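Novice: Provided below for reference: sequence and predicted model.
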Amino acid sequence: MKFAAICAALIASIAITASTAGAARHDTTAASTRHRASGRTAAKHRATTARRNHRSGAARRRHRSDAARTRRHHRRAVRLGRTHRRAAHRTAGRGHHRRFTTGAAHARRRSHHRARVHTHPTRHGARAGALLAAADHSSPPTSSSSTALTGLTFAGSFNNTLASWTAGGGAAQCANYGTPSKYPRLRGTLSFDNTNVGSGIASGVFTLPADTSPSTYPLEACDVVTRSLPNTLGTDSYEGIMVYVPLGWTIANHFFTGVNIEQYRFQNIYGSPITLELHPNHVTIALETGGCFNHATATPGCQFRSNADNPPCRSNSGRTCLPGYYAIPPGAFVQGAWNEIMLHVHWASDSTGSVQSWYRTKGQSTWMSGNSFSGIPTVQWDNSIGCCGTSYRDLTEAYTAALSAPVSVWLDNVVSATSFAAVASTMP
């Protein structure tokens, strides 16, 4: 009995111990499970945090990289801008001084030309010497393609017609257009050339024949004349013309005026106030301005006179001889190529008158400065009537003294405008 009680107590103790051990194991297992779950959660948290940190770091790196790239691009743009500005400045600086053809010979000719024009102002009078402005300081205005064509006031083309001149009352004064030869002028002919063209589809060829009777015809001419235009003073105009002669071209006479190719503001007083005179290697700007004794008087001529090819001019109480001026200086006119000329004239009857000139060959981008001057009238008037006539005509022509052999001149693109850009836009 006592033994049985002891055995029962022992069995109960073992059961209790087993139960406690089981509970302990359960608690341990649960704790382990909780620990493992907590570890996994922590690991996941750490992984998530790492990924977030990685992405944030990558974003920051990308941001820094983008910012650096932006700074590099900005610095590069600044450097390029500086380079372009320096290049533009150098180009602008060279623009007026570089010929369209280069070389020591041209440089010598340019230097010689400057010496001829500038070193003898006293020969023409102190005032006349002061009038001449150095060609290098006569800068062409900036062209603007958006407004270039809006300022044209006359567009003379030889596109197999003379409609530009005949419209409104202009005419051709050539033998093959019904103008007969009559003392003192032998009339030449005008034709169209579709193979040698300055601009458009044809150029005008002015041909003067050999003169077999110089006593009857001491002069030769063929010209096209604009309609009558108002002679408005205090205004500005830009005038353009293209001229071509073949290689080896000469003039078969010894007349100092060469061949006149354009007369501006002709009023039949004494020549024209401004005339372009073509020679084999240059184009002269000839002047007869101010008050004039007309061509029918015993001593015709005007108050202000300039002709680079007629140096014997002497100033006196009624006449001021100016230095010689060139639209294209000696040595710069190119035979066998189209030469382009532009003038800017302020038309005035007083000392506010001025002339600027530029030239280049067809296809060149840079306009070279010819001679420029100011301080004189740029129109003329008959002393017996007074200043100033109300109208004028422009003449495009070949006009010279009697020739011993024929001569031909190609002209094209005769334009007038209110701006440099408008004329330049018509020149190819």
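Specialist: Cool, the structure landed.

Novice: mean confidence for the strand or helix carrying Trp381?
Specialist: Trp381 belongs to strand 380-382 when assigned by DSSP states H and E. On average, the pLDDT along strand 380-382 is 98.

Novice: residue boundaries of the helices in the protein?
Specialist: Here the chain has its helices, by DSSP state H, at 2-95, 104-118, 126-131, 163-166, 420-424.

Novice: so where's the chain uncertain?
Specialist: Along the chain, the parts satisfying pLDDT under 70 run over 1-149.

Novice: try it again with 90
Specialist: 1-150, 167-168, 311-318 (pLDDT under 90).

Novice: domains of it?
Specialist: 1-95, 102-424 (automatic domain parsing).

Novice: residues making contact with the strand holding Trp381?
Specialist: The list of residues contacting strand 380-382 from outside it, by C-beta atoms under 8 Å, 6 or more residues apart in numbering, reads 265, 267, 269-270, 272-273, 288-292, 294, 302, 349, 387-389. No exception for glycine: its C-beta is placed from N, CA and C like everyone else's.

Novice: quick check: neighbours of it in the sheet, parallel or antiparallel?
Specialist: When pairing is defined by DSSP bridges, strand 380-382 lines up against strand 282-293 (parallel).

Novice: can you give me the buried ones in the strand it pairs with?
Specialist: 282-293 (16 or more other C-beta atoms under 10 Å).

Novice: need those residues in CSV (columns: distance to Ile261).
Specialist: Shown next, in CSV, are those (distance: C-beta to C-beta, whole Å):
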residue, distance to Ile261
His282, 12
Val283, 8
Thr284, 10
Ile285, 12
Ala286, 11
Leu287, 16
Glu288, 16
Thr289, 19
Gly290, 23
Gly291, 26
Cys292, 22
Phe293, 26
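
Novice: name the nearest of the residues you listed relative to Leu229.
Specialist: Each of the buried residues of strand 282-293 was checked against Leu229 using C-beta to C-beta; the closest is Thr289, at 17.9 Å.

Novice: shouldn't that closest one be in contact with Gly375?
Specialist: No: counting by C-beta atoms under 8 Å, Thr289 stays clear of Gly375, with 11.2 Å between them.

Novice: shared neighbours of the two, anything?
Specialist: Joint contacts of Thr289 and Gly375 (C-beta under 8 Å, 6+ apart) are Gly353.

Novice: what's the nearest residue to Asn194 if we skip its chain neighbours?
Specialist: Of all residues not flanking Asn194 in the chain, Ala202 sits nearest, at 4.9 Å (C-beta to C-beta, 6 or more residues apart in numbering).

Novice: how many other residues sit next to the one you found?
Specialist: 20 (other C-beta atoms under 10 Å).

Novice: ok, it to His344 distance?
Specialist: Per C-beta to C-beta, to the nearest Å, Ala202 is found 28 Å from His344.

Novice: do Met368 as well
Specialist: 14 Å.

Novice: neighbour-wise, which of those two wins?
Specialist: More crowded of Met368 and His344, by other C-beta under 10 Å: Met368, with 24 against 21.

Novice: who does the more buried one form a beta bridge with?
Specialist: Residues in a beta bridge with Met368, per DSSP bridges, are Tyr359.

Novice: tell me the contacts of the residue nearest to Gly198 when sequence neighbours are not counted?
Specialist: Leaving aside its sequence neighbours, Gly198 sits nearest to Asp412 (C-beta to C-beta, 6+ apart; 3.1 Å). Listed by C-beta under 8 Å, 6+ apart, the contact set of Asp412 reads 157-158, 197-200, 203-204, 241-242, 244, 338.

Novice: show me which of these is closest to Leu219.
Specialist: For the contacts of Asp412, the nearest to Leu219 is Gly204 (20.1 Å; C-beta to C-beta).

Novice: I figured the closest one was touching Phe158, is that so?
Specialist: Yes: Gly204 is in contact with Phe158 according to C-beta under 8 Å; the separation is 3.7 Å.

Novice: okay but Phe154 is in contact with Ala167, surely?
Specialist: No: with contact defined as C-beta under 8 Å, Phe154 does not count as touching Ala167 (10.1 Å).

Novice: neighbour count: those two, which is higher?
Specialist: Comparing Phe154 with Ala167 by other C-beta under 10 Å, the one with more neighbours is Phe154, at 17 against 10.

Novice: next up, the contacts around the residue lying closest to Pro209 once chain neighbours are set aside.
Specialist: Using C-beta to C-beta, 6+ apart and skipping residues adjacent in sequence, the residue nearest Pro209 is Pro406, 5.3 Å away. Taking C-beta under 8 Å, 6+ apart as the criterion, Pro406 is in contact with 207-210, 252.

Novice: which of those residues count as buried?
Specialist: 207-209.

Novice: so which of those is the closest to Gly234?
Specialist: Closest to Gly234 out of those is Leu208 (37.2 Å), distances taken as C-beta to C-beta.

Novice: now that closest one: how far from Tyr326?
Specialist: For Leu208 relative to Tyr326 (C-beta to C-beta), the value is 23 Å.

Novice: can you lay out the buried ones among the contacts of Pro406 as JSON lines showing distance to Thr226?
Specialist: Output for the buried ones among the contacts of Pro406, formatted as JSON lines (distance: C-beta to C-beta, whole Å):
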{"residue": "Thr207", "distance to Thr226": "21"}
{"residue": "Leu208", "distance to Thr226": "21"}
{"residue": "Pro209", "distance to Thr226": "25"}
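
Novice: now intersect those with the strands, please.
Specialist: 207-208 (DSSP state E).

Novice: let me know the closest of the buried ones among the contacts of Pro406 to Gln364.
Specialist: Among those, and counting by C-beta to C-beta, the member closest to Gln364 is Thr207, at 27.8 Å.

Novice: grab the nearest non-local neighbour of the closest one.
Specialist: Take Thr207 and drop its neighbours on the chain: the residue closest to it by C-beta to C-beta, 6+ apart is Ser408, 4.5 Å away.

Novice: thank you, goodbye.
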